[in-house]
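Asker: The sequence and its predicted three-dimensional model are supplied below.
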Amino acid sequence: MVRELFELDARRMNRKHAVTVWGAGMLLGVLGPVASAQVVIPDDYATIGEAIRAIEAGTELDHDIVIEPGTYTERVTLMDNITLRGRETARTFLSGGGSGALVTADGVSGARVRNLTFIDADTGVLIQGAGSGLEIANNVFDLGGSATGVRVADAATGAGATVANNVFVQLGTGVRRLNTQITVQNNIFSGNVTAIDTPADQTAQIITNGFFDNDNEGATGNVPVTGSSAGFVNPVARDFHLRPGSVAINSGTGTDVIDATVADLGAYGGPNADAFPFPVSGLGSTTAEDNAITLSWSENLGYRVGGYKVHYGRTRGGPYEGTDAGEGASPIGVLDDTITSLTLTGLTPQNQAAPSEAPQPAEPIPSNGTLSLRWSAVSGATGYLLHWGIDSVDENQRDVGNATRVDLSGLTNETTYQVSVSAYARDAIFFAVAAHYEQPRQEDDPVVLVDPGSALVNEVEAPFGAIFEGPRSAPVLGTPELLLATPNLPDEGCFVATAAFGSYSVSQVRLLRDLRDRHLLHSGPGQAFVRWYYQRGPIGARWLNRHPVLKPLARTALLPAVGLASQLTGGTPLLLLLLLAGVGGSVGYALRENRRAGEAAA
C-alpha cells in the first residue's frame, strides 16, 4: 500500500518535483515490503528448501524469503503466500544443474517469485494444479538450449497468475500457457525459438511485451513492442539492464519503482525491480613516479547510470576508508557516466617495516624449460621477489606480487638454477568502483548520484612508494628437463602413447605430454603417477610394439585422455590423475587379455 501511494503521488507531479518520491521508491525497491522477521538465505538457512520447510512447520517466521547473491543449485516447491526474492537479480542465480524444473507451483495461491536469474535447467517455473494469484516478476530466464522459461501444465488453471517484467532469452519457449487466466505483461522475449506458446483463441491478457529476434513470436497480444534489438547492455555477461535508446524503455504498463516513470520492459522495470546497477568491471591502475595513482574501469552502459563512486583505502577487501587523497575522502564521486578514470594525488606512503622472516621455498618441480616454485607466506608481507641465476641468485629478479606459487619459465633444460625468495612490504591503495543511478533532473540541474550503488565485487591493488625487502631464503636448486622416458625408447618418449600412435611428435602424444607437464607434475599424486608410469610404461610399450595388431585398440583406449588434454577444462590434478589411471587400467587390461589369448593359442 505504501508503494502504491508513492507511485500515485509521482504520477501527479512533474519530473523535477518527483525527486523525493523517486528516492523513497528506490529505497522500497531495495528493502521490499516491511516484514517482522524476514528469512535470509544463507544467513538463516543454508538452502531455500530448508527455509520453506521451516515456515511450513509453523515456526514464527515471516513468509518473505530474501536470497543473497550467489548460486543456489536446488529445486524449490512453493507453498501458499510465500515470497522468494533475490537481493540482486543480476547476481542471484537459481541453477538446476542441467535438468528439471527449478521452481514448481503446484496448486498454491498467493506465492511470489521475484528478482532471480534462472540458469541451467529444463524449466524455470512450472505452474500446475488449481492455484491462484501466483506472481512471477522481474526475473531473468537464461536456461539455455530448448528449455522453457515459464510453463503452465495442461490441467493447470493458474487463476489470476501474472508473469510480468521478466527477461526470456535464448530459450526453446519463453512462456507456454493454455488459458487467459495467466497475464503476460511487460516482459522481454529475445532470441528464443518461440516467445509465447498459447492457443490461437487464448491471446487475451498478453499486454505490452517486447519481441526481439525470436524465430517465432507466437502470440504477441496487445500493444507489442518490436525492434531489431532489445538494447541489453551485455547479454553475454548476463547484464540485461537497458542501454540508452532501447525501445523497451518506458514502453510498458504501470510505473517503475526506480524513477516513477512509465514502466520499462524487462527485469529492471515495473514496481518490483531491484535498484542495483550492474557491477563495474575492467578495473586497473597505474602508478607514476610521484606516487600519483591513476585508476580506470569500464563504462557501465545502463541508461540510468549517471556516474560512479570510487572507494579507496589501505585494507584489502575494505572497508575503504581512505582520507588522504587530494581529490577527497572515500568514496569520491565521478558525476559523469562517460568518465572512466580518476587520478589520486597527494598520497604519502606510510612507513613500512621490512618483513623479519624469509619465505621457506619448497623443492622446485621441474618441467620443460620451467621450474614450478612455491613457498610459505610471511606475516606482514605485501609481496615477494624471486632471485635466480645459474652462477648466482643475483643474476635475475622478478616481483611476483603477493603470489606464493609461480612458474619460472624460459629456462634452459638440463641446466641447474639457484633460486631464492624474499618477502617485502610496500604501501598500496586498494580500490573498488560502484556505478550509481542519477536522480531525475532537468537538463540544467546538477547530477546527483543516489544510493545504493552497484556491489563492490571487484578490487584492484595499486602499489606505490618504496619497497622494504626482508631477508632472502637460502637458495634451492632446480633443473628444468623435458622429462623423457628412462630408458628412452627410440622415438617413443611417452611409452605406450608413442607406441600406440606411432611417433613421439604426433599431436596426440604432444597433448598428453602437455597434460603431464602442466597438470600432473604440479601435485603430489600427479608426480607419483608419473613415477609409476615411468617404471611400467617402457614394458608396456615394448610389448605393444611386438604386437602391432593391438595398436588400434590402445589408441581407442587413450582417446578420452587425449580429449581431456585438449580441452583442459580446469579439472583438478587429482581428477586428471583418476581419469588417466582409468584409461591406463583399461589399456592394461586389454593388453593382458590379448597376451593371455596369444599364450593360450601358442
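Answerer: Sure, I can see it.

Asker: which residues of the stretch 401-550 of the chain score low on pLDDT?
Answerer: Counting by pLDDT under 70, the ranges of the stretch 401-550 of the chain that qualify are 483-507, 510, 517-518, 521-522, 524, 531, 534-535, 544.

Asker: where do the strands sit along it?
Answerer: 405-408, 417-425, 428-437, 460-463, 468-472, 476-478 (DSSP state E, counting those that start in this stretch).

Asker: Ok, which of those comes nearest I119?
Answerer: Closest to I119 of these is strand 428-437 (CB to CB; 23.2 Å). Yep, even glycine has a C-beta here, placed from its N, CA and C like the rest.

Asker: Paired strands for that closest one, with orientation please.
Answerer: Here strand 428-437 is paired, per DSSP bridges, with strand 305-313 (antiparallel), strand 460-463 (antiparallel).

Asker: Now do the buried residues in the shortest one.
Answerer: It stands for strand 460-463. Using 16 or more other CB atoms under 10 Å as the test for burial, strand 460-463 gives V460, A462, P463.

Asker: Confirm that T220 sits in a strand.
Answerer: No: judged by DSSP: H, G, I helix; E, B strand; the rest coil, T220 forms no part of a strand; its state is coil.

Asker: Please look at I258 and R304 and confirm they touch.
Answerer: Yes: using CB atoms under 8 Å, I258 is in contact with R304, at 6.8 Å.

Asker: Touching both of the two, which residues are there?
Answerer: Y437 (CB atoms under 8 Å, 6 or more residues apart in numbering).

Asker: on that earlier part again, closest to D44 out of the strands of the stretch 401-550 of the chain?
Answerer: strand 428-437 (26.9 Å).

Asker: How many residues are close by I467?
Answerer: Using other CB atoms under 10 Å, I467 is surrounded by 15 other residues.

Asker: Please tell me I have it right and it contacts A423.
Answerer: No: using CB under 8 Å, I467 is not in contact with A423; the gap is 10.6 Å.

Asker: Identify the contacts common to these two.
Answerer: Common neighbours of I467 and A423 (CB under 8 Å, 6+ apart) are G383.

Asker: quick one: which of the strands paired with strand 428-437 is nearest E414?
Answerer: Among these, the nearest to E414 by CB to CB is strand 460-463 (36.7 Å).

Asker: now the closest one, how far from the chain's geometric center?
Answerer: 22 Å (CA atoms, centre = their mean, to the nearest Å).

Asker: How about stretch 547-567?
Answerer: 34 Å.

Asker: Can you show me the CA trace of it as PDB?
Answerer: Below are the C-alpha coordinates for stretch 547-567, written out as PDB (Å, rounded to 0.1, in the frame of the first residue of the first chain):
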ATOM      1  CA  HIS A 547      52.000 -57.000 -31.100                       C
ATOM      2  CA  PRO A 548      51.200 -54.100 -33.600                       C
ATOM      3  CA  VAL A 549      47.800 -55.600 -34.300                       C
ATOM      4  CA  LEU A 550      46.700 -54.300 -30.900                       C
ATOM      5  CA  LYS A 551      47.700 -50.700 -31.500                       C
ATOM      6  CA  PRO A 552      44.300 -49.500 -32.800                       C
ATOM      7  CA  LEU A 553      42.800 -50.800 -29.500                       C
ATOM      8  CA  ALA A 554      45.400 -48.900 -27.500                       C
ATOM      9  CA  ARG A 555      44.700 -45.700 -29.500                       C
ATOM     10  CA  THR A 556      41.000 -46.000 -28.900                       C
ATOM     11  CA  ALA A 557      41.500 -46.500 -25.100                       C
ATOM     12  CA  LEU A 558      43.800 -43.400 -25.000                       C
ATOM     13  CA  LEU A 559      41.300 -41.100 -26.800                       C
ATOM     14  CA  PRO A 560      39.500 -40.000 -23.600                       C
ATOM     15  CA  ALA A 561      42.800 -38.800 -22.100                       C
ATOM     16  CA  VAL A 562      43.700 -37.100 -25.400                       C
ATOM     17  CA  GLY A 563      40.400 -35.300 -25.400                       C
ATOM     18  CA  LEU A 564      40.800 -34.300 -21.800                       C
ATOM     19  CA  ALA A 565      44.300 -32.900 -22.500                       C
ATOM     20  CA  SER A 566      42.900 -31.000 -25.500                       C
ATOM     21  CA  GLN A 567      40.100 -29.300 -23.600                       C
END
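
Asker: In it, which residues are buried?
Answerer: L550, K551, L553, A554, R555, A557, L558, A561, V562, L564, A565.

Asker: Over to stretch 414-422?
Answerer: Those would be Y417, Q418, V419, S420, V421, S422, for stretch 414-422 by 16+ other CB under 10 Å.

Asker: which of those lies closest to T226?
Answerer: V421 (62.1 Å).

Asker: which ones are touching that closest one?
Answerer: V421 makes contact with A358, P359, P361, L373, W375, Y384, L385, L386, H387, R472, S473 under the criterion CB under 8 Å, 6+ apart.

Asker: Might one say that the first one is in contact with H387?
Answerer: Translated: A358. No: using CB under 8 Å, A358 is not in contact with H387, being 11.4 Å away.

Asker: Give me the common contacts of these two.
Answerer: V421, S422, R472.

Asker: any chance you could map the strands in the stretch 151-300 of the chain?
Answerer: Using DSSP E, counting those that start in this stretch, strands in the stretch 151-300 of the chain cover 161-164, 167-169, 173-176, 182-185, 188-190, 194-197, 206-207, 210-212, 216-218, 225-226, 232-234, 239-242, 284-287, 293-296.

Asker: in its sheet, what does the second one sit against?
Answerer: When you say that, I think you mean strand 167-169. Counting by DSSP bridges, strand 167-169 is paired with strand 140-142 (parallel), strand 188-190 (parallel).
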